[in-house]
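Enquirer: what follows is a predicted structure for the sequence shown.
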Amino acid sequence: MEGFLSVKEATKSYAQGCKAKAATPIGKLFGKAMLAGMMIGMGAAASSVAAHSVANVGLARLTAAVVFPVGLMMVILLGAELFTGDCLMALGVAEKHISVADCIRVLVLVFLGNFAGALIFTALVYCSGQLDYSAGGLGAYTIKVAYGKATLPFGRAFTSGILCNILVCAAVLMAICAKDISGKLLVSFFVIMLFVTAGFEHCVANMYYITAGLFCKMNPDYVNKAMELYGYTEAQLAQLSWGSFLIKNLIPVTLGNIVGGICCIGLPLLYLNREKK
């Protein structure tokens, strides 16, 4: 087929490309990961602006979902490194292009780079005054989103992470299948729109969503607005902390993202499309 690569060709191409990724110098790989953390944060921040005053939950998520995918579009076209997509490096291990140690090293470095980029971007957004929109309503909404994510039960966060990265890794492979820019943008847009509308959990996106909520929690005006708009009490908001971010969201969501990307779509697609030897 001239217009696009088959799934077999796409998985083979990604597996072979893992050699170059594993050989990338540490500084360059970390820098690309920082860029990806900032780009996903940009999509997340803009989606919050779009959705923060929409009362209907389904419509709010759909509104956010129309904006958020731009972050992954930038990651794909600009060659940044995103942890969730890089879970597909398991294909390179399965095809013996890289070692397990290479895969783990890259994933750890990219994860840390994504976090660093997201933190820098969050600080810039907070200092920009953007969260003052709607008389502090955006800051209050940011606290609401962070609170909801940081208080998820472990099992729900883990399962939602699995479902999320099935779709993210599908978008990455489908973008490889597409040979032109318009095709890459279209497939990444619609698949990512699906996961955001469904409300699944993405560890790198949450590096922005929850840290932004923690930043907003330091502002009494945003806190008071959140209490006014959403009825939160001080005891409830006390549950939003760096500890709850790590234990109740980042760890289970990251583990779920790994399982979803590797076990539920990456390796199954490789196996189902592998040539018989």
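Expert: Noted; the coordinates are in hand.

Enquirer: pull out the buried positions in stretch 120-133.
Expert: Across stretch 120-133, burial judged by 16 or more other CB atoms under 10 Å covers 121-122, 125-126, 130-131. Backbone N, C-alpha and C define where each C-beta goes, glycine included.

Enquirer: pick out whichever of those residues sits closest to Met38.
Expert: When the buried residues of stretch 120-133 are ranked by distance to Met38 (CB to CB), Phe121 comes first, at 4.3 Å.

Enquirer: what's near enough to touch that closest one?
Expert: Phe121 sits next to 37-38, 41-42, 45, 208 when contact means CB atoms under 8 Å, 6 or more residues apart in numbering.

Enquirer: which phi and psi does it have?
Expert: phi -60, psi -40 (degrees, to the nearest 10).

Enquirer: what about the spatially closest residue to Gly136 that is not a sequence neighbour, how many residues close to it?
Expert: Leaving aside its sequence neighbours, Gly136 sits nearest to Lys225 (CB to CB, 6 or more residues apart in numbering; 4.3 Å). Neighbour count for Lys225, taken as other CB atoms under 10 Å: 21.

Enquirer: pretty sure Ala10 sits against Ala170.
Expert: No - using CB atoms under 8 Å, Ala10 is not in contact with Ala170, being 10.8 Å away.

Enquirer: can you list the low-confidence ranges for this protein?
Expert: Filtered on pLDDT under 70, the chain yields the residue ranges 1-2, 276-277.

Enquirer: one more time with 90
Expert: Within the chain, the segments meeting pLDDT under 90 span 1-4, 179, 274-277.

Enquirer: can you tell me which residues contact the residue nearest to Leu167 when sequence neighbours are not counted?
Expert: For Leu167, ignoring the flanking residues on the chain, the nearest one in space by CB to CB, 6+ apart is Phe195 at 4.1 Å. Applying CB under 8 Å, 6+ apart, we find Phe195 in contact with 163-164, 167-168, 202.

Enquirer: so Phe195 is in which element?
Expert: Taking DSSP states H and E as the criterion, Phe195 maps to helix 181-198.

Enquirer: what is the helix or strand following that helix packed up against?
Expert: Later in the chain than helix 181-198, the nearest helix or strand by DSSP H and E is helix 203-217. When contacts are defined as 3 or more CB pairs under 8 Å, 6 or more residues apart in numbering; DSSP states H and E, helix 203-217 sits against helix 26-51, helix 83-86, helix 100-128, helix 137-150, helix 220-230, helix 251-261.

Enquirer: looking at these, which is buried most?
Expert: Among the helices and strands packed on helix 203-217, helix 83-86 has the highest mean neighbour count (mean count of other CB atoms under 10 Å), at a mean of 28.
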